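Colleague: Next comes the sequence, and after it the predicted model I'd like to discuss.
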Amino acid sequence: MSIITKQFSYLILTFLTLASGYAYLRYAYKVTDSTPFTQEIVLIVLGTISTVFITALLLNKQTAVEIEKEQNIKFLDLKTQTYERLLDLIENMVSENTISEVDVTKLQFVTHRLAIFASPAVLNEYTNFLELVSKISKDGTLSNDTEAVSKALGKLTILIRFDLLGENKNQKIYTIEQIQKMIRKNSDSSTHINVV
């Protein structure tokens, strides 16, 4: 039974209980005018039954909210793992400084995983990234194209960040260009580190 059906049935039961209780109470008042104790018992029973139904309705709503929250957490976790796999794959390609047909095929298959979890903006930018990688892969090396890959990856990671954090691109503190400059600056500074 769906949640809305349960809530509706609890509402109908509560209404029927209150209506029948009210009708019985009117009858009990007329019949037992001389014994107020009976009237008080009827009120207590009616109040208890109404409280039980209202509490059940609220607990049902709370359970539904908790289940939805748990599903959102699991979905975000799966989305994060998918993005991490994608970035690890790209990192391996860039660190080897070669792009083979197998690598391009792997990237194309990631599209199917992204289609399940990613926002449309991420999918669109990933398509642009794949087109760039397909062009670059013709010579099989990345040595001359690292700047283009870095720029395309920067755009993609910004949209991934927006997707994971649930941020709207129109409601951000930093512009996309500012974030790209920060990422590029971090990327450039890490390549100039001297290993001792």
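Modeller: Received the coordinates, thanks.

Colleague: When you work out contacts or count neighbours from here on, use the C-alpha atoms and nothing else.
Modeller: Fine.

Colleague: Give me the domain ranges for the chain.
Modeller: 3-69, 97-191 (automatic domain parsing).

Colleague: ranges for the helices of the protein?
Modeller: Chain-ordered helices for the chain, with DSSP state H as the definition, fall at 3-31, 36-96, 101-117, 120-136, 146-165, 176-191.

Colleague: Just give me how far the third one sits from the chain centre.
Modeller: Read that as helix 101-117. 21 Å (C-alpha atoms, centre = their mean, to the nearest Å).

Colleague: List the buried residues of it.
Modeller: Residues of helix 101-117 classed as buried by neighbour count (16 or more other C-alpha atoms under 10 Å): Asp103, Val104, Leu107, Val110, Thr111, Leu114, Phe117.

Colleague: Then the fifth one?
Modeller: For helix 146-165, a neighbour-count test (16+ other C-alpha under 10 Å) marks 149-150, 152-160, 162-164 as buried.

Colleague: next one: stretch 114-129
Modeller: Counting neighbours by 16+ other C-alpha under 10 Å, one finds that the buried residues in stretch 114-129 are Leu114, Phe117, Ala118, Ser119, Val122, Leu123, Glu125, Tyr126, Asn128, Phe129.

Colleague: re the thing from before, closest one of the buried residues of helix 101-117 to Leu78?
Modeller: Nearest to Leu78 out of the buried residues of helix 101-117 is Phe117 (C-alpha to C-alpha; 7.8 Å).

Colleague: quick one: the closest one and Leu89, what's the gap?
Modeller: The gap separating Phe117 from Leu89 is 18 Å, by C-alpha to C-alpha, to the nearest Å.

Colleague: Could you check how many residues crowd around Val14?
Modeller: Actually, residue 14 is Thr rather than Val. Residue neighbour count, defined by other C-alpha atoms under 10 Å, stands at 19 for Thr14.

Colleague: List the contacts of it.
Modeller: Going by C-alpha atoms under 8 Å, 6 or more residues apart in numbering, Thr14 touches Ser50, Phe53, Ile54.

Colleague: residues near the last one, how many?
Modeller: In terms of burial, Ile54 registers 17 neighbours under the definition other C-alpha under 10 Å.

Colleague: got the contact list for it?
Modeller: Under the criterion of C-alpha under 8 Å, 6+ apart, the contact partners of Ile54 comprise Tyr10, Thr14.

Colleague: Leu164 is in contact with Thr80, isn't it?
Modeller: Yes - with contact defined as C-alpha atoms under 8 Å, Leu164 and Thr80 form a contacting pair (7.1 Å).

Colleague: now, which of the buried residues of helix 101-117 sits nearest Ile136?
Modeller: For Ile136, the nearest member of the buried residues of helix 101-117 is Val104. The distance, counting by C-alpha to C-alpha, is 10.1 Å.

Colleague: Provide a list of residues in contact with that closest one.
Modeller: Going by C-alpha under 8 Å, 6+ apart, Val104 touches Leu130, Val133, Ser134, Ser137.

Colleague: at 6 Å instead, please
Modeller: In this structure, Val104 makes contact with no residue, judged by C-alpha atoms under 6 Å, 6 or more residues apart in numbering.
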